[in-house]
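Visitor: need a 3D model of the following:
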Amino acid sequence: MKLDLEAFESLLKHAQTQADRAALENQPQLYRDAFETTLQAMRLLAEESGTWRHMVVRATEEYQGDEGI
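Guide: Below is the predicted model:
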């Protein structure tokens, strides 16, 4: 799985907009919305990290010839 940079950037921009609005209006719910949007962006990164880690392990096993260890 490849990181969808467009979706990631969109989430970060949306979170920034929400955070700016929250600061302007001083509304706790808006801060929470910004936080949740940031978590969505972090989940995208975590998925990519897990995929990358799996590929490195697999490549290392194939290189060493000891699959299953």
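
Visitor: can you list the buried residues in the lengthiest helix in the chain?
Guide: The residue-count maximum for a helix in the chain (DSSP state H) belongs to helix 28-64. Residues of helix 28-64 classed as buried: 30-31, 33-34, 37-38, 41, 44 (neighbour count, 16 or more other CB atoms under 10 Å). For the C-beta atoms, the positions are set from N, CA and C on the backbone; glycine is no exception.

Visitor: which pair of these spans the longest distance?
Guide: 30 and 44 (22.0 Å; CB to CB).

Visitor: what helix or strand does the spatially closest residue to residue 38 that is not a sequence neighbour sit in?
Guide: Leaving aside its sequence neighbours, residue 38 sits nearest to residue 15 (CB to CB, 6 or more residues apart in numbering; 4.6 Å). With elements taken from DSSP states H and E, the one containing residue 15 is helix 5-25.

Visitor: what angle separates that helix from helix 28-64?
Guide: For helix 5-25 against helix 28-64, the angle by axes from the mean of the first three to the mean of the last three CA atoms, to 10 degrees is 150 degrees.

Visitor: number the residues from 227 up from this point.
Guide: Yes, from this point I'll number from 227; that puts the last item at helix 231-251.

Visitor: other SSEs contacting helix 231-251?
Guide: helix 254-290 (3 or more CB pairs under 8 Å, 6 or more residues apart in numbering; DSSP states H and E).

Visitor: just checking, the residue nearest to residue 264 touches residue 260?
Guide: Yes. In this structure residue 241 lies within contact range of residue 260 using CB atoms under 8 Å: 5.1 Å.

Visitor: ok so, going back, what's in contact with the helix holding residue 241?
Guide: Contact partners of helix 231-251, identified using CB atoms under 8 Å, 6 or more residues apart in numbering, comprise 253-254, 256-257, 259-261, 263-264, 266-267, 270-271.

Visitor: over to stretch 266-285?
Guide: Applying CB under 8 Å, 6+ apart, the external contacts of stretch 266-285 come out as 227-230, 233-234, 237-238, 241.

Visitor: that concludes my questions; thank you for your assistance.
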